[in-house]
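Enquirer: coords please:
(chains A and B)
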Number of protein chains: 2
Amino acid sequence: MERVAIIGASMTRFGQRDAWIRELLAEAGSACLDDADVSPLDVEHLYVSNMASGEFEGQTGVPNALAHDLGALPAYAQRIDQTSSSGGAGIYAAWQSVASGASDLTLLVGGEKMTHKSTAEATDVIASLTHPVEYKHGLTLPSFAGLTARRYLHEYDAPRESLAKVAVKNHRNGVDNPHAQFRKEVDLETVMESPIVADPLRLYDFCPITDGSAALLFCPESEAKQYTDEYTVVSGIGGATDTHVVHERDDPTVMGAAVESSELAYEMADRTPGDIDVAELHDMFTILEFLQSEAVGFFEQGEGWKAVEEGITDRDGDLPINTSGGLKSKGHPLGASGVAQAYELHQQLLGDAGERQVDAEVGLACNVGGFGNCVITTIMEQA
Amino acid sequence: MERVAIIGASMTRFGQRDAWIRELLAEAGSACLDDADVSPLDVEHLYVSNMASGEFEGQTGVPNALAHDLGALPAYAQRIDQTSSSGGAGIYAAWQSVASGASDLTLLVGGEKMTHKSTAEATDVIASLTHPVEYKHGLTLPSFAGLTARRYLHEYDAPRESLAKVAVKNHRNGVDNPHAQFRKEVDLETVMESPIVADPLRLYDFCPITDGSAALLFCPESEAKQYTDEYTVVSGIGGATDTHVVHERDDPTVMGAAVESSELAYEMADRTPGDIDVAELHDMFTILEFLQSEAVGFFEQGEGWKAVEEGITDRDGDLPINTSGGLKSKGHPLGASGVAQAYELHQQLLGDAGERQVDAEVGLACNVGGFGNCVITTIMEQA
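Expert: Numbers count the residues shown, from 1 in each chain, chains lettered A, B, ... in the order given. Purely as a prediction, here's the structure:
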């Protein structure tokens, strides 16, 4: 099976943006085509990762509009929704379009416009992915995170501070990311004393609500050199689903869909966890970084917190995690996040990550929908 | 390139249903697995074609829920949205998943729950796919249909009655479809004297608002016989996009995205329009059947109306169109319609269409999003 190359990548500044979804998508899409020096008219398939433009802005048919805005007509255009893992699902869709021979040049643009809504309104849109009965009992995603964090700390004798250290690390990384929503360090005390949101988790354990978009351009590996010498390859990718109702899971501290999707990705790439040099994990809540770092096999179950305590996941550690700043400091525009994870790996693998640069030949990204309801794991490598 | 087989198919009764989207999807999905006698645990990818469960029911994450409801965990599950062509886009996604080797068994379920909303509310959700400026000027999809019909009748000297005859024909076909929303004939006079909706189009020129779902099960053609001797193949498929703003098109009577997507499908299938024995076209409005029958090359531009007048597209004509009853009498649950078109072709090609049976070895379906904004053309054949 021929591998699929990424020959262009871009992302907008994440944060509060005075632009609607069409403008955000066009900004990243256009920059991505510029990055690869490719004409929009050459694009064959155009995928848009977006959870809820209809709910957030009353605008649907966004891929159609984007094909027009980019000047990419009559490229086939379609939307991918997998809630907060829509970006990773878009990578999988783009990969399939190229690997199947349906398209020789596929542009993926992920984005979301959220900050014009109140936190309560945005939380309501996101919570629409849960089971209605859970929601009626107050179980939004932040509540699940609080319950799971409590269980994790209890089960594995982890200190509360280890969660806070994820926030401290990712904020530190975000300082050097010009696209990040928050570019400021926070210290342990600030995190530990921030307002409680879902006990034991506090304000700084959560990612913000964000506007932004990101884009990637894909082609068959055998054709990549026609466009550029600066490309990376998707060597492995897999997706899996966990129960819709979270309480039906045997062990809430094990993220089953991350286990299964990473196994598929490792198998396709012929790689093992030990081969991974850098990773972007879906730290929508600090606890999720622990769960994924264990589920994808970086650390034993219940040991993820130790890696953070020991600095292993720091930028100068053995396995840097979330060099981009993660969702925590970079922000989390739902449909964009999975695409932006791959953007960071692309920069790292090409040596273009500036102050954030680490030594990496193989990277892994884990994009999570819901509370582990669906997970896409992607492995990317130097060409 | 290996062809992709359809080894199972199902659809629910279309109409006003006392069930929410999860139940409708599970009904068709489960029946489709039964049709192929396949265990849900063997499904590798699960795609859900759905435009707007969030807007219609406040429920997102539906693919995740369906994977659970069908007992298909941990199958990869994801939503496909391309507005009213979400079903066709789902076929393309399922095709790509199998053709790329990502999945050896892909279940596609398309559905929509709409009738609990008023016609005005449902029209508002659908109109969210248009450009906001068009909408503010009153240009919903029915208005575009009225304007385009007027232009077509003027440009090609077609009688108003020819449009009405599309409704009469498709209602006649729908009588023999046990899944159809309307199973009653209408005569020419009834159509011609029904209330005006968008002059010159009247009530019976429009499809209804509908609840329902449909499903298809895909695998590589080389593996189909392991499951069943009763399968069909997707020999060609293509998608294309037209301008988001309808008034920017050179000629509103030419459906450009149907021209381009059908050219891609014919090329992949190594077929020409003359090879097609039966077709399902997206007759959301009667005028659209003319436009597509010309765009996909069945008839010369401006001649589609004559084919209806001459009975060529009748069930006993040379090229039966919409033997299922079409969207017009079968109903149009947005995400389900493209899947249900393929269901009808599957039945026709297998000789399982009962009273609706025609003589057919090759079929074509055209699924339209918006007012020709995006079109998927699929060619299916006997194995």
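Enquirer: can you list the residues of the stretch 101-250 of chain A near chain B?
Expert: Contacts of the stretch 101-250 of chain A with chain B, taken as Cβ under 8 Å from any Cβ of the partner chain, map to A:101-102, A:125, A:128-132, A:238-245. Placement of C-beta: from N, CA and C, glycine included.
Enquirer: so residue A:319 is in which element?
Expert: Counting by DSSP states H and E, no helix or strand carries residue A:319.
Enquirer: what's the neighbour count on it?
Expert: Neighbourhood size, residue A:319 [other Cβ atoms under 10 Å in any protein chain shown]: 20.
Enquirer: Could you do the one 5 residues further on as well?
Expert: Around residue A:324 there are 28 other residues, counting by other Cβ under 10 Å.
Enquirer: Please name the nearest non-neighbouring residue to it.
Expert: residue A:344 (3.9 Å; Cβ to Cβ, 6 or more residues apart in numbering or on different chains).
Enquirer: just checking, next helix/strand downstream of the helix or strand hosting the one you found?
Expert: Per DSSP H and E, residue A:344 falls inside helix A:334-350. Counting by DSSP H and E, the element after helix A:334-350 in chain order, helix or strand, is strand A:362-369.
Enquirer: which helices and strands does that following strand pack with?
Expert: helix A:86-99, helix A:256-269, strand A:278-280, helix A:286-295, helix A:334-350, strand A:374-382 (3 or more Cβ pairs under 8 Å, 6 or more residues apart in numbering or on different chains; DSSP states H and E).
Enquirer: Go again with 10 Å.
Expert: helix A:86-99, strand A:232-241, helix A:256-269, strand A:278-280, helix A:286-295, helix A:334-350, strand A:374-382 (3 or more Cβ pairs under 10 Å, 6 or more residues apart in numbering or on different chains; DSSP states H and E).
Enquirer: Please work out the average pLDDT along the first one.
Expert: Averaged over helix A:86-99, pLDDT sits at 98.
Enquirer: what's next to the least confident helix or strand in chain A by mean pLDDT, contact-wise?
Expert: Sorting the helices and strands of chain A by mean pLDDT, DSSP states H and E puts helix A:132-136 at the bottom, at a mean of 85. For helix A:132-136, contacts defined as Cβ atoms under 10 Å, 6 or more residues apart in numbering or on different chains pick out A:124, A:127-130, A:139-140, A:143-144, A:244-247, A:371, B:20, B:22, B:57-59.
Enquirer: With only the CA atoms kept, save that helix in PDB.
Expert: Written as PDB, here are the backbone C-alpha positions of helix A:132-136 (Å, rounded to 0.1, in the frame of the first residue of the first chain):
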ATOM      1  CA  PRO A 132     -29.400  12.700  26.800                       C
ATOM      2  CA  VAL A 133     -29.900  10.900  30.100                       C
ATOM      3  CA  GLU A 134     -26.300  11.600  31.100                       C
ATOM      4  CA  TYR A 135     -26.700  15.300  30.200                       C
ATOM      5  CA  LYS A 136     -29.900  15.600  32.200                       C
END
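Enquirer: isn't residue A:111 right next to residue A:331, touching?
Expert: No. With contact defined as Cβ atoms under 10 Å, residue A:111 and residue A:331 do not form a contacting pair (11.9 Å).
Enquirer: quick one, which of those two is more surrounded?
Expert: Neighbours per residue (other Cβ under 10 Å) separate residue A:111 from residue A:331, with residue A:111 holding more: 38 against 29.
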